[in-house]
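**Q** Predicted model follows, preceded by the sequence.
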Amino acid sequence: MAEKEKVSVIIPTLRAEDDLLSCLVSIESDLKAPPHEVIVVFNGPMPADIELAKHHATARAVQAQTNLGFAAACNLGAREAIGDTYVFLNDDMTVRQGWVRNLVSAMESGESSAVGGRILSADGKKVDFAGGSVNLLGWGFQMGHGEPAGEDDFVAHQRLPFACGGNFAVRAKTFDEVGGFDGDYFAFYEDVDLGWRLRLMGHEIGYTDDAVVLHNVGKTGGLIDPALKWFLQERNALQTIIKNYSDEVLEQVLPIAFALVGVRATVLSGLDGGDIAHDHAWREWVLGREIPPIEEPHGVWRGIMDQVKESVKSGMKASRKASLPHGYLPLDSRGVAGLMALEWCLDNWDVLMEKRAKVQATRVKSDREILPIFDDPLRPVLGHPREVEAMKPLEGVLNELMRG
């Protein structure tokens with residue numbers, strides 16, 4: 001790369017299929033792009049018939065020894081990069097004219113050390129990412145996701161809690177100082193964690209809707225089993241709060257976060273108190289309350305429909321338990337995955353504490369200064385009434401924290 005080329009575009013890939021080639025061609029076709037290099041990190045074997053330079057003049061390959069996941073692959077690409085600015089891009093994106101120039105310009109013209117861009121659906125009609133929010137449990141959300149794309153779907157250059165890992169720029173020096181992505185995340189919420197750490201270190205994260213990419217959603221993510229995805233999300237959200245909260249806040253939030261993993265496990269599995277206490281007397285004794293009987297329906301047709309619904313529900317419940325020994329209940333694999341995420345955190349507690357010590361040693365901002373930027377700190381993950389009810393203790397934590 002020539003001396004004047006100061007931007008390194010880093011693209012991790014697993015499948016290395018047509019999406020990647022379309023991505024490279026779109027970058028090469030961007031006539032407004034400043035001088036740059038493109039680094040493609042192959043998490044799987046690089047196909048012998050792929051010639052990157054045919055699709056982008058400065059593209060070069062970095063081969064990982066194994067599938068590192070998104071986070072560690074980005075770190076590997078950054079170690080090989082020589083630009084002053086790193087730009088991270090998913091391999092299933094195609095970029096619009098001016099994309100990389102606008103990302104870098106927004107960062108250089110403001111006070112931000114990192115800037116996220118706008119992500120739209122493949123046809124450009126719906127929003128994929130136009131800003132993010134984070135809840136107190138470390139879960140990240142994409143603002144406006146799935147809504148019709150408009151010119152004013154988000155305020156340009158507004159402060160973000162994190163920039164989406166699939167389309168953002170960051171100063172190379174800053175990225176290296178913060179330690180890059182946490183490679184133990186593999187995938188999901190590594191960008192939330194990075195944004196949180198950047199903000200604790202006093203860095204700003206901006207947004208520009210002028211740096212637009214189109215996302216062929218689900219091509220890579222669809223390869224991940226739903227239970228594995230849920231494990232990674234539950235685990236990584238827990239890692240984020242364990243590392244990044246102050247001692248005072250972590251002591252209050254972590255027990256609630258652990259308990260909510262269990263709540264989501266039962267919700268996802270469709271279980272309730274009646275599943276573990278079939279006898280009426282046991283339900284009243286063990287659960288501490290009497291479960292009211294189903295009220296008699298009003299009206300003939302409503303009564304018939306309610307009876308049909310109950311029959312269907314009973315049949316589904318009976319069918320999913322039919323093959324299990326007496327006393328055993330089914331548990332959705334995502335529920336099990338959440339419990340395994342808890343186990344992973346406990347098994348790796350010493351490692352998490354080492355990482356936490358490093359983060360806390362670089363902290364210059366308080367939790368009270370960070371949390372207002374989260375935008376939606378009490379947002380539930382599933383939105384189920386049982387989860388919402390179980391999250392109520394977090395309201396007191398938030399109110400106390402914001403009162404100082």
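**A** That came through, no problem.
**Q** Which secondary structure state does Val267 sit in?
**A** Here Val267 is recorded as helix under DSSP: H, G, I helix; E, B strand; the rest coil.
**Q** Now that it has come up, it's in contact with Val381, right?
**A** No: judged on C-beta atoms under 8 Å, Val267 makes no contact with Val381 at a distance of 9.7 Å. From N, CA and C alone the C-beta is placed, and that goes for glycine too.
**Q** Can you pull the residues that touch both of those two?
**A** Glu387 (C-beta atoms under 8 Å, 6 or more residues apart in numbering).
**Q** So for the two, which sits in the more crowded spot?
**A** It is Val267, of Val267 and Val381, that has more neighbours when counted by other C-beta atoms under 10 Å, with 22 against 19.
**Q** same question for the helix or strand Val359 falls within, mean pLDDT?
**A** Using DSSP states H and E, Val359 sits within helix 349-361. For helix 349-361, mean pLDDT is 98.
**Q** same for it, what does it pack against?
**A** helix 226-244 (3 or more C-beta pairs under 8 Å, 6 or more residues apart in numbering; DSSP states H and E).
**Q** Name the spans of the stretch 151-300 of the chain whose pLDDT lies under the cut-off.
**A** Applying pLDDT under 70 to the stretch 151-300 of the chain flags residues 151-157, 218-222, 273-300.
**Q** in it, which spans are helices?
**A** Remark: helices assigned in the stretch 151-300 of the chain by DSSP state H, counting those that start in this stretch are 172-178, 190-200, 226-244, 247-269, 273-276, 280-287, 300-321.
**Q** Direction included, what does the one helix or strand Val9 maps to pair against?
**A** If you go by DSSP H and E, Val9 is part of strand 7-13. When sheet partners are counted by DSSP bridges, strand 7-13 sits next to strand 36-42 (parallel), strand 85-89 (parallel).
**Q** tell me the angle the helix or strand just after it makes with strand 7-13.
**A** Heading C-terminal from strand 7-13, the first helix or strand you meet, by DSSP H and E, is helix 18-28. Angle, helix 18-28 to strand 7-13, by axes from the mean of the first three to the mean of the last three C-alpha atoms, to 10 degrees: 170 degrees.
**Q** for helix 18-28, packing partners?
**A** Using 3+ C-beta pairs under 8 Å, 6+ apart: helix 18-28 touches strand 7-13, strand 36-42, strand 93-95.
**Q** what do you get if the cut-off is 6 Å, keeping everything else the same?
**A** Other elements packing on helix 18-28 under the criterion 3 or more C-beta pairs under 6 Å, 6 or more residues apart in numbering; DSSP states H and E are strand 93-95.
**Q** for the strand it packs on, the distance to its chain's centre please.
**A** Distance of strand 93-95 from the chain centroid (C-alpha atoms, centre = their mean, to the nearest Å) equals 20 Å.
**Q** other SSEs contacting that strand?
**A** With contacts taken as 3+ C-beta pairs under 6 Å, 6+ apart, strand 93-95 sits against helix 18-28, strand 204-215.
**Q** Between the ones you listed, which shows the greatest average number of neighbours?
**A** strand 204-215 (a mean of 23; mean count of other C-beta atoms under 10 Å).
**Q** gap between Ser160 and Ala172?
**A** Heads up, residue 160 is Leu, not Ser. For Leu160, the distance to Ala172 (C-beta to C-beta, to the nearest Å) stands at 19 Å.
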